[in-house]
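Peer 1: Starting from these lines, generate the structure:
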Amino acid sequence: MDNEELKNKINQTITEISSLRGWIITKSIDIDSYIGAIINNYFVLSNRQSDFTTIVMSDPYFSSGLKISILNKIHNKLNWNSYVGFKKDLYRINELRNRFAHSVPFGFEGHLSYSAGEKPIKIKKAKEMYDEFMNLYSKILEELDKIFCFLVEESRKRENSVTKIAPDI
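Peer 2: You can find the predicted model right below:
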């Protein structure tokens with residue numbers, strides 16, 4: 001392989017990994033936003049929801065990991081029955097997102113190099129992690145949709161019951 005071919009191969013690999021990284025980050029933002037909406041609907045009265053969103057949920061230190069932790073607590077409080085492994089999948093998808101966000105391309109075959117705790121560096125194909133992420137994404141999004149719809153319905157029921165007992169003025 002001459003220098004030009006090597007340069008082209010490197011550029012092609014970086015472009016492919018960048019595309020996968022873009023999809024992972026975009027889909028992670030979707031999940032993060034959905035979890036944020038669920039947290040909002042669980043905790044906040046409608047007249048304060050905007051303040052809660054702008055002051056708390058939009059704070060840069062209110063991380064995806066913290067949102068997942070709070071979602072798990074809401075999940076338990078609601079006594080919600082998700083599919084087996086839902087909570088584990090939430091943490092796994094966040095781990096994959098972090099790998100794509102903070103790893104560097106390695107080699108010419110589309111690998112990413114990342115820190116792996118006890119091992120200083122681990123290397124794995126970006127496409128394999130992307131495929132795992134996208135499989136989990138569909139399952140998680142479907143479950144988040146169910147939780148969100150349940151909370152919206154509960155909110156409607158509360159509003160209707162308050163309206164029925166409030167005296168006419």
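Peer 1: residues in contact with the nearest residue to Ser82 once chain neighbours are set aside?
Peer 2: Distance criterion CB to CB, 6 or more residues apart in numbering; nearest residue to Ser82, sequence neighbours excluded, is Glu143 at 5.2 Å. C-beta here means a position set from N, CA and C on the backbone, and glycine is covered the same way. Contacts for Glu143 (CB atoms under 8 Å, 6 or more residues apart in numbering) come out as Ser82, Tyr83, Phe86.
Peer 1: what's around the second one, how many residues?
Peer 2: Residues within reach of Tyr83, counting by other CB atoms under 10 Å, total 11.
Peer 1: so where does the residue nearest to Ser82 fall, helix or strand?
Peer 2: Using DSSP states H and E, Glu143 falls within helix 126-165.
Peer 1: tell me which residues in that helix are buried?
Peer 2: Neighbour counts over helix 126-165 (16 or more other CB atoms under 10 Å) mark Ala126, Met129, Tyr130, Phe133, Leu136, Tyr137, Ile140, Glu143, Leu144, Ile147, Phe148, Leu151 as buried.
Peer 1: Helices of the chain, start to end?
Peer 2: With helices called from DSSP state H, the chain shows them at 3-43, 49-52, 64-78, 86-102, 126-165.
Peer 1: which stretch among the ones you listed comes nearest Ser58?
Peer 2: Among the helices of the chain, the nearest to Ser58 by CB to CB is helix 3-43 (8.7 Å).
Peer 1: average pLDDT for that closest one?
Peer 2: For helix 3-43, mean pLDDT is 87.
Peer 1: That one packs against which elements?
Peer 2: Secondary-structure packing of helix 3-43 (3 or more CB pairs under 8 Å, 6 or more residues apart in numbering; DSSP states H and E): helix 49-52, helix 64-78, helix 86-102, strand 104-106, helix 126-165.
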